[in-house]
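Structure of the sequence below:
(chains A and B)
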Amino acid sequence: MKREEAIRILLSGCKHTGYATRRRLKKRFGSFEAALENLGEATYLSENALRELNKIRSVSTERVEEMLDKSKAQVAFCEDENFPKLLGSIIDPPDLLLYRGVLFLGEEKAVSIVGARRETRYGRGHAFQIAKGLAENGITVVSGLAYGIDAAAHQGALKGGGRTVAFLGSGLNKMYPKDNQPLAKEIMETGGVIFSEYGLSAAPKPYHFPFRNRLVSGYSQATLLIEAREKSGTLITVGHALSQGREVFCLPGPIDSATSGVPHRLIREGAHLCTSYQDILDDMNWTVSINEKKEKTILCTFNENQEKIVQVLSKDEQDFNALLEITGLETGELNSELSILEIFGIIQKLPGQIFRLMGSI
Amino acid sequence: MLSRTLCYTLQGIEGAPVTVECFAGGGNQFQFIIVGLPDTAVKESRDRVQAALKNSGFIMPYGHTTVNLSPADLKKEGSLFDLPIAVSIIAATQQVKMYAMEHILLLGELGLDGRLIPVKGALPLVISARTNGVKQVVLPKDNAPEVASVSGIEVYPAGCLFDVVAHLSGKALIEKQQQLSYEDCLKKAEVSLDLQMIRGQHVAKRALEIAASGGHNMLMIGTPGSGKTMLARSLPGILPLMSEAESLETTRIYSSAGLLPTGMGLMTQRPFRTPHHTASAASLIGGGTDARPGEVSLAHNGVLFLDEMPEYPRKVLDALRQPLEDGFATVSRVKARARYQSRCMLVASMNPCPCGYYGSKVRQCRCGSHEIRKYLDRISGPLLDRIDIQVEVDAVPIEDIIAKKDEESSLDVRHRVERARNIQKKRFENTNIRANAQMDNKALEKYARADDAALDFLKKAMDRYGMSMRAYTRMLKVARTIADLNERKNITLPDVAEAVQLRTIDKKYWGSGHEA
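Alright, predicted model coming up:
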């Protein structure tokens, strides 16, 4: 590793030398290495920044390599071959990206899915299903690893057996939110990647997230918005997508839900309406070879009661009491039949004692 | 002159004998003192006794009168010493000649007019006295129903001080109380909330039946107003009738806490306790300077209902773990120590999320998945581990409430429960296990045999939902109870399948909504 590269990695972890200051230094001195040698000339640096930069000088290149190794992180600089192409073309690309996982070489079709952290069951369900559909068609799903819609999108993509990419608003070693760490691990293990433009142990500062959002939209050709309240941070992502010249899709919601207003307004203003992953494929003119749907193998043969239940549910979802009435079974019997069907993945139990066939929406 | 009478004082739910000695004589100045570690209520009895004596036609002696409560190092409390003190003064001053006073237990508080007022703890005192060989007891007539079914001791219910003295002197005997058999007491039992009154709620009712059959603790999760409290209240009605031994145990605790309604006999109804969620650990487990029983003991042989469980402080809930597990609570204070039984069923209820409407069909939930997880995390894992059955309760639609459909009555359900309990009684003969819920791992291996299909299914379920080993043993216990209800010797697939359905939280019900 060159000294210049090591300095750039260290700079990414600086709190007081922000994106703009770094650009200015680079412009003035040509390289960060030179900048560090002549710090006295940069009179606009704050005291904190100076202290920070002086500290960097004393860290050796070997130490930086060691740190990267220890936290199993890799680095892609903006001028590198393997730096995400689309992301490199935005107006304010990151100087470098630290990542864990696998980079994609060549043309990558990606859709970012963003939305409310306080989501509803409606939004979460559709985020999951759309992400799954996209993943099944070989399209990368990009999001921010936050609670709510973000998590559902990542999970859907994983379920669809596809690649999914997350951009963090903190360092790779300070994964936030902590609850989603198992999800992050799964993303990395299944050929996805977790990116961060911040130093390895940077804290999740509130102002990181809006800035990070430009990467989420910049990485992908299209952005899908699912559920947002007024003044939501996801609107920033949409704004970035528009200024980066990306397509924006919105999922409509129930008109009386607080999270539907924003997507509906955007649709009226010209965003694409999205009701399924197919809409995105069509509007983006993506022809994809549709993967052969795997035949579901049913592991058990139905008995009479189970057949009756499946038949009833194939028409519409039902709650427990209705099933009890239709099938005429005893409470205990119905309980155990439903349990068996559930374990074998034929039906699904929803909150509120509602049952439905798996895979229907 | 010197005289002696017999009384008992309460220590926890046990009685300890106290001899009341009186010496009257000498001195030309009026003086009346009570010694022997009396508390305030006992000290005040000086004034009550003086008035009662005068108003009953006796004389308070002029000169020195000393009353000693022996043993002198035992702390005495309560107003029940009024009667023995008054009687011993009358005997010491030889106003009336009385017989065999040292062998008759005297209990009672006196009114200023000489009336006898009921005291707390009559039942435990009488039971302790009987064990110590006391043959007769005189007590206020309002306390009589409480001790009516205690056998082996003659009970004389008295109305006033004069009657007692007349009885002891042999001039006018008080009529002996008829001994009431426990069956007679049972006849008077009132019916609590009947299951018949609750429409719909088939899953919850079935869960209640299983919980009652195996003594399993239970958690109900449901939207506000879905009927969780009503369902819990109907649980005592489907539990087997209290046996005489159980009834005595429970009544004893209530009597010593002074919570027995005046004039009521043995408790034939299983207790149902609902402490508010602001309750302190001491009020739940027991405490105070005199080590009073807590809610968990007052629910002995009955139901302890914790409404809105996540609202209780975690510390308070965790304190419940030991009494629930061991079946007794030891309350230790500087001045008192007591051990109360606390074998009760824990029934808890909670909302599915902070706003209460997650999964509701009528209203949209406003909570994010993170908030819901935080809400659930308020209940500690170890406590949750002691709750075998977790069931969802959903509001019943109004059409179903109006529709007049026949629902099963509590009595029918109770018959099934009793049958299942009898099977368990036979199974656990010669062990100290009373119900399936109390089986440990060794007992599980011995008594909860499942066939291969059932075990296979259980394994699949655990894989699918990522359940823990603990959940596995819990499900096996519940499956054992279901098999008992179905009168099956071994556990089969349908039993296990139903048990899996009753573990909502382990199935990550809240998390798996992503696929919804």
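
Name the nearest residue to the single nearest residue of chain A relative to chain B, ignoring sequence neighbours.
In chain A, the residue found nearest to chain B is A:Pro351; the distance is 2.5 Å by CB to the nearest CB. Bear in mind the C-beta positions are built from the backbone N, C-alpha and C, glycine included. Residue nearest to A:Pro351 in three dimensions, not counting chain neighbours: B:Gly359, with 2.5 Å by CB to CB, 6 or more residues apart in numbering or on different chains.

and what of B:Ser226?
Nearest non-adjacent residue to B:Ser226 (CB to CB, 6+ apart): B:Ala395, at 4.2 Å.

can you list the weak-confidence ranges in the stretch 101-250 of chain B?
For the stretch 101-250 of chain B, the stretches flagged by pLDDT under 70 are B:187-191.

Quick one: low-confidence residue ranges for the chain.
Picked chain A for this. When the per-residue scores of chain A are filtered using pLDDT under 70, the ranges that remain are A:288-301, A:359-361.

Chain B, not that one
Chain B contains residues with pLDDT under 70 at B:187-191, B:263, B:369, B:404, B:504-516.

Can you spell out the domain ranges of it, please?
Chain B is divided into the following domains under automatic domain parsing: B:2-169, B:195-438.

Relative to A:Glu269, which of those is closest?
Ranking these by distance to A:Glu269, with CB to CB as the measure, places domain B:195-438 first at 25.8 Å.

How many residues are close by B:Ser410?
Counted with other CB atoms under 10 Å in any protein chain shown, the neighbours of B:Ser410 add up to 24.

just to revisit the earlier point, isn't the residue nearest to A:Pro351 up against A:Leu350?
Yes: between B:Gly359 and A:Leu350 there is a contact at 7.1 Å, judged by CB atoms under 8 Å.

May I see the domains of chain B organised as TSV, with distance to A:Asp69 added?
Below are the domains of chain B laid out as TSV (distance: least, CB to CB, whole Å):
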stretch	distance to A:Asp69
domain B:2-169	66
domain B:195-438	34
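
Would you map the helices across the stretch 1-150 of chain A?
Per DSSP state H, counting those that start in this stretch, the stretch 1-150 of chain A has helices spanning A:3-12, A:19-29, A:32-37, A:47-57, A:61-70, A:85-88, A:121-136, A:149-159. These are given in chain order.

Show the end-to-end separation of stretch A:55-64, please.
Separation of the first and last residues of stretch A:55-64 by CA to CA, to the nearest Å is 13 Å.

Apologies, that question was intended for stretch A:108-126.
23 Å.

What separation is there between B:Cys353 and B:Asp290?
For B:Cys353, the distance to B:Asp290 (CB to CB, to the nearest Å) stands at 42 Å.

Would you mind telling me which of the two has the busier surroundings?
B:Cys353 (25 against 17).

And what about B:Leu10, helix, strand or coil?
Three-state call for B:Leu10 (DSSP: H, G, I helix; E, B strand; the rest coil): strand.

Could you give the number of residues near it?
Going by other CB under 10 Å, the residues that sit close to B:Leu10 add up to 25.

What residues does it make contact with?
Going by CB atoms under 8 Å, 6 or more residues apart in numbering or on different chains, B:Leu10 touches B:77-78, B:120-121, B:124-125, B:256.

how about the residues of the stretch 251-400 of chain B near chain A?
Remark: the part of the stretch 251-400 of chain B in contact with chain A comprises B:352, B:358-361, B:364-371, B:373, B:392, B:394, B:400, using CB under 8 Å from any CB of the partner chain.

so how far is B:Cys367 from the residue of chain A closest to chain B?
Note on A:Pro351: its distance to B:Cys367, by CB to CB, is 12 Å.

okay, the two: which has more neighbours?
Neighbours per residue (other CB under 10 Å) separate A:Pro351 from B:Cys367, with A:Pro351 holding more: 24 against 21.

B:Asp400 versus the closest residue to chain A within chain B, what's the distance?
With CB to the nearest CB as the measure, the residue in chain B that lies nearest chain A is B:Gly359; the distance is 2.5 Å. When CB to CB is the yardstick, B:Gly359 and B:Asp400 sit 18 Å from each other.

These two: which has the busier surroundings?
B:Gly359 (22 against 13).

Three-state assignment for the more buried one, please.
Per three-state DSSP, the secondary structure class of B:Gly359 is coil.

Now do the phi/psi pair for it.
Geometry field for B:Gly359 lists phi and psi as phi 80, psi 10, criterion degrees, to the nearest 10.

Quick check: it vs A:Glu4, distance?
Note on B:Gly359: its distance to A:Glu4, by CB to CB, is 56 Å.

Over to A:Arg57?
To A:Glu4, A:Arg57 is 13 Å away according to CB to CB.

give me every residue that touches the residue nearest to B:Ser226.
In this structure, B:Ala395 makes contact with B:222-223, B:225-227, B:360-362, judged by CB under 8 Å, 6+ apart.

Adding distance to B:Asn490 and neighbour count, write those out as CSV.
Formatted as CSV, the entries for the contacts of B:Ala395 read as follows, by distance: CB to CB, whole Å; neighbours: other CB atoms under 10 Å in any protein chain shown:
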residue, distance to B:Asn490, neighbour count
B:Gly222, 34, 25
B:Thr223, 38, 26
B:Gly225, 41, 10
B:Ser226, 36, 23
B:Gly227, 35, 22
B:Ser360, 40, 20
B:Lys361, 39, 14
B:Val362, 43, 11
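
Secondary structure and distance to B:Asp113 for those residues - can I get that in JSON lines?
Shown next, in JSON lines, are those (DSSP: H, G, I helix; E, B strand; the rest coil; distance: CB to CB, whole Å):
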{"residue": "B:Gly222", "secondary structure": "strand", "distance to B:Asp113": "55"}
{"residue": "B:Thr223", "secondary structure": "coil", "distance to B:Asp113": "57"}
{"residue": "B:Gly225", "secondary structure": "coil", "distance to B:Asp113": "52"}
{"residue": "B:Ser226", "secondary structure": "coil", "distance to B:Asp113": "54"}
{"residue": "B:Gly227", "secondary structure": "coil", "distance to B:Asp113": "51"}
{"residue": "B:Ser360", "secondary structure": "coil", "distance to B:Asp113": "61"}
{"residue": "B:Lys361", "secondary structure": "coil", "distance to B:Asp113": "64"}
{"residue": "B:Val362", "secondary structure": "coil", "distance to B:Asp113": "62"}
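
Show me where the stretch 201-350 of chain A has its strands.
With DSSP state E, counting those that start in this stretch applied, the stretch 201-350 of chain A shows strands at A:222-226, A:247-251, A:272-273, A:318-319, A:347-350, listed in chain order.

Buried deepest among those strands, which one?
Mean neighbours per residue, mean count of other CB atoms under 10 Å in any protein chain shown, is largest over the strands of the stretch 201-350 of chain A for strand A:222-226, with a mean of 29.

quick check: domain ranges of chain A?
Per the record's domain assignment (automatic domain parsing), chain A is made up of the domains A:1-69, A:110-283, A:304-357.

So A:Arg8 is in contact with A:Ser31, correct?
No: the criterion here is CB under 8 Å, and A:Arg8 misses it with A:Ser31 at 9.4 Å.

These two: which is more packed in?
A:Arg8 (21 against 14).

and B:Ala281, what does it touch?
B:287, B:315-316, B:319.

Now list the buried members of the residues you listed.
Among those, those classed as buried by neighbour count (16 or more other CB atoms under 10 Å in any protein chain shown) are B:287, B:316, B:319.
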